[in-house]
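sequence? don't have it. structure:
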C-alpha cells in the first residue's frame, strides 16, 4: 500500500466534524437536545438490526458510536459490544452513561481503519449508522468494516441518499424548518447514493442482503421503516463464509 493510501486509511477524519460533535457531546443523552432525532429513531435502528442478525452473545462493533445511544441498545439486547468514535468528548460521555445504564461496553477513541488493523475478523456484527456522510472517504470505512467482520458475519450501514428529496428533508426540513439537528450538520455533497455504497461494499468483498428506508410521516409525526430509500436508508451486507 502506498504512503498516500495508508495516510488516507488512518487519517480518515474531518476535524471540523469532530469539533462540531465535541461541542454538543454533553447533550447526547438529552432527548430534547441536538440529538433528539437520534433518540426518536434509535428504537427503529435497533429493531432493524435485531430482526436481521443474531445479537445474543454476538460480538458487535459500532463504528461512529457518538455518545453510545445505539451501542447501549445493542448491549441491552445481549450483544457483547465494542464501540468507537473519534470524538473524545463523546466517548467520555458514553463511558459515564454506563454508570446509569449498568451495561458493559468497551469504548475506544479510534478510527475504523485503525481498529481494523488490530482486530480484523473479530466481530460477528459490524454497525456504522449515520456516520459515513461525515468522513472524507466513506469507502475507506466500508473497507474497514469488511475487514472487521468475521467470515459469514453481518455489516449494517445507514446513511443519507444524495437526492433532491433528501436535500429538502434532511437539510432544509430537519435543520432549518423543524430544527431537529443543528444547522450545518449535513453537507449535501457528502450524501451517498445506494449504488455508491454498494460499489464500495462489493469491492470490499461484502454481499448485499437487503435495503430499507427510514421514512417520516408528518401526519403522525412518526418515523417508520419502509421501502423508499430516497432519504435515509439502511443497507445490510454479509461477508461470505468463504472468501475464496
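Happy to help now that I have it. For clarity, every value in this text was computed on a predicted model and none was experimentally measured. Residues are numbered from 1 along each chain as shown.

gap between the two ends of stretch 21-33?
Start and end residues of stretch 21-33 are separated by 13 Å (Cα to Cα, to the nearest Å).

again, but for stretch 11-29
28 Å.

closest to the centroid, which residue in this protein?
residue 129 (1.7 Å; Cα atoms, centre = their mean).

beta partners of it?
Note on residue 129: beta-bridge partners by DSSP bridges are residue 158.

test my guess that it contacts residue 158.
Yes. The criterion here is Cβ atoms under 8 Å, and residue 129 meets it with residue 158 at 4.4 Å. Glycine gets a C-beta too; all of them are placed from N, C-alpha and C.

could you check how far residue 55 is from residue 77?
5 Å (Cβ to Cβ, to the nearest Å).

following the helix or strand of the chain with the lowest mean pLDDT, which helix or strand shows up next?
Every helix and strand of the chain was ranked by mean pLDDT, DSSP states H and E. The lowest is helix 3-10, at a mean of 45. Following helix 3-10 in sequence order, the next helix or strand is helix 15-24 (DSSP states H and E).

list the buried ones in that following helix?
For helix 15-24, the neighbour count (16 or more other Cβ atoms under 10 Å) marks 17, 18, 20, 21, 24 as buried.

SS state for residue 236?
Classification of residue 236 using DSSP: H, G, I helix; E, B strand; the rest coil returns strand.

contacts only, for residue 29.
Residues in contact with residue 29 (Cβ atoms under 8 Å, 6 or more residues apart in numbering) are 67, 69, 93, 97.

so how far is residue 68 from it?
From residue 29 to residue 68 the distance is 8 Å (Cβ to Cβ).

name the residues that touch stretch 62-70?
So stretch 62-70 is contacted by 21, 25, 28-29, 35, 38-39, 42, 45-46, 71, 74, 81-85, 87, 90-91, 93-94, 97-98, 105, 107, 112, 126-131, 134, 141, 144-145 (Cβ under 8 Å, 6+ apart).

quick one: which of the residues you listed sit in helices?
Among the contacts of stretch 62-70, the members found in helices (DSSP state H) are 21, 38-39, 42, 45-46, 71, 74, 90-91, 93-94, 97-98, 112, 141, 144-145.

list only buried entries from these.
21, 38, 42, 45-46, 71, 74, 90-91, 93-94, 97-98, 112, 141, 144-145.

hey, what's in contact with both of residue 129 and residue 158?
Common contacts of residue 129 and residue 158 (Cβ under 8 Å, 6+ apart): residue 45.

show me what contacts the closest residue to residue 204 other than its chain neighbours?
Sequence neighbours aside, residue 146 is the residue nearest to residue 204 in space, at 3.6 Å (criterion: Cβ to Cβ, 6 or more residues apart in numbering). Residue 146 sits next to 155, 201, 204, 205, 206, 239 when contact means Cβ under 8 Å, 6+ apart.

what do you get if the cut-off is 7 Å, keeping everything else the same?
155, 204, 205, 206, 239 (Cβ atoms under 7 Å, 6 or more residues apart in numbering).

and if you look at residue 163?
Applying Cβ under 7 Å, 6+ apart, we find residue 163 in contact with residue 230.

quick one on the thing from earlier: of the buried residues of helix 15-24, which is the nearest to residue 11?
residue 18 (11.9 Å; Cβ to Cβ).
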